[in-house]
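Q: coordinates for the following, if possible.
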Amino acid sequence: MIEHTNKQFHSDLENTRSLFLKMGGIVESMVREAMEALFSGDLTLVEKVREREKEVNALEVEIDSRITHLIARNQPTAIDLRMLLSISKMLTDMERCGDEAERIAKMVRRLYENESGYEPVVELRHMSMSVISMIKNTLDAFARQDAIRAAEIVRSDKEVDREWKASLRHISTFMIEDPRTISRSIDLIFLARALERIGDHAKNMAERVIYMVHGDDVRHAGVKTAERVARGESMDAIPEATAEAAATDSTASEQA
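A: Take a look at the predicted model:
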């Protein structure tokens, strides 16, 4: 009976894990299609993104319910419990990536319906490629339980932040030079901000993969600490982790 129960638990756990990967694949497609709509002007992709968002929301509710039942009805071992808790946290970030993709789609529709025209901003294409890659690699790291890959994603968020700042400067300059573009430029700034937030959510999920694999919470600990933990070092054995975390929090406060 115990063996049957264990088999059922691990079957349910695997199904939950697979559903999360499915949800992540949909979100990745949403971001890709929303940005393709921006670059191509194909507004049918906007409606496709908005329909997919409903599917993402439904999956979030289903996965969340499965996690609750799995924890309540079983006594998961440490690693299984870490996986369930990690999926639960990642679920929120993934759903918010979907929200941002839908927000981008809405802004794209507004840009084209207002006949304001779209002036390509090279950083936006780079940013979109970067954040789509971050989501894809996060899902891969999760599926493979690859903490090293997850740490690479944590570091790559810094590049996305640099691209966000470059986009902001570029679009602001464009707006100052031609005041007629102010409305369009504001939409593009919000669009770039949405991409930057998707990068943040992907980074959060990557940090959760590291926790799932090694049991150390590297949130707010900084990139170098995340990389060392991913290689197998314990947080307790990294004396500079606290100092790096404090410096990271201080930088974040100054930027806010």
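
Q: elements contacting the helix or strand where residue 141 lies?
A: Assigned by DSSP states H and E, residue 141 falls within helix 122-144. Packing partners of helix 122-144 (3 or more CB pairs under 8 Å, 6 or more residues apart in numbering; DSSP states H and E): helix 2-40, helix 147-177, helix 182-214. C-beta: built from backbone N, CA, C; applies to glycine.

Q: of these, flag the one that's most buried.
A: When you average the neighbours per residue for each of the helices and strands packed on helix 122-144 (mean count of other CB atoms under 10 Å), helix 182-214 leads with a mean of 23.

Q: packing partners of that helix?
A: helix 78-113, helix 122-144, helix 147-177, helix 223-230.

Q: where does the stretch 1-150 of the chain dip in pLDDT?
A: The model of the stretch 1-150 of the chain has pLDDT under 70 over residues 1-5, 115-121.

Q: one more pass at 50, please.
A: 1, 4 (pLDDT under 50).

Q: want to throw the helices and strands packed on helix 182-214 into CSV with distance to residue 214?
A: Formatted as CSV, the helices and strands packed on helix 182-214 follow (distance: least, CB to CB, whole Å):
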stretch, distance to residue 214
helix 78-113, 9
helix 122-144, 13
helix 147-177, 6
helix 223-230, 6
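
Q: who are the contact partners of the residue lying closest to residue 98 once chain neighbours are set aside?
A: Excluding the flanking residues, the one nearest residue 98 by CB to CB, 6 or more residues apart in numbering is residue 56, at 4.1 Å. Residues in contact with residue 56 (CB atoms under 8 Å, 6 or more residues apart in numbering) are 23, 26-27, 30, 94-95, 98.

Q: ok, 10 Å please
A: 22-24, 26-27, 30, 94-95, 97-99, 101-102 (CB atoms under 10 Å, 6 or more residues apart in numbering).

Q: rewinding a little: indicate which one of the helices and strands packed on helix 122-144 is closest to residue 125.
A: Residue 125 sits nearest to helix 2-40 of all the helices and strands packed on helix 122-144, at 6.9 Å, using CB to CB.

Q: look up how far residue 83 lies from the most centrally placed residue in the chain.
A: Residue closest to the mean C-alpha point of the chain, counted by CA atoms, centre = their mean, is residue 202 at 2.5 Å. Computed as CB to CB, to the nearest Å, the residue 202 to residue 83 distance reads 19 Å.

Q: same question for residue 161.
A: 29 Å.
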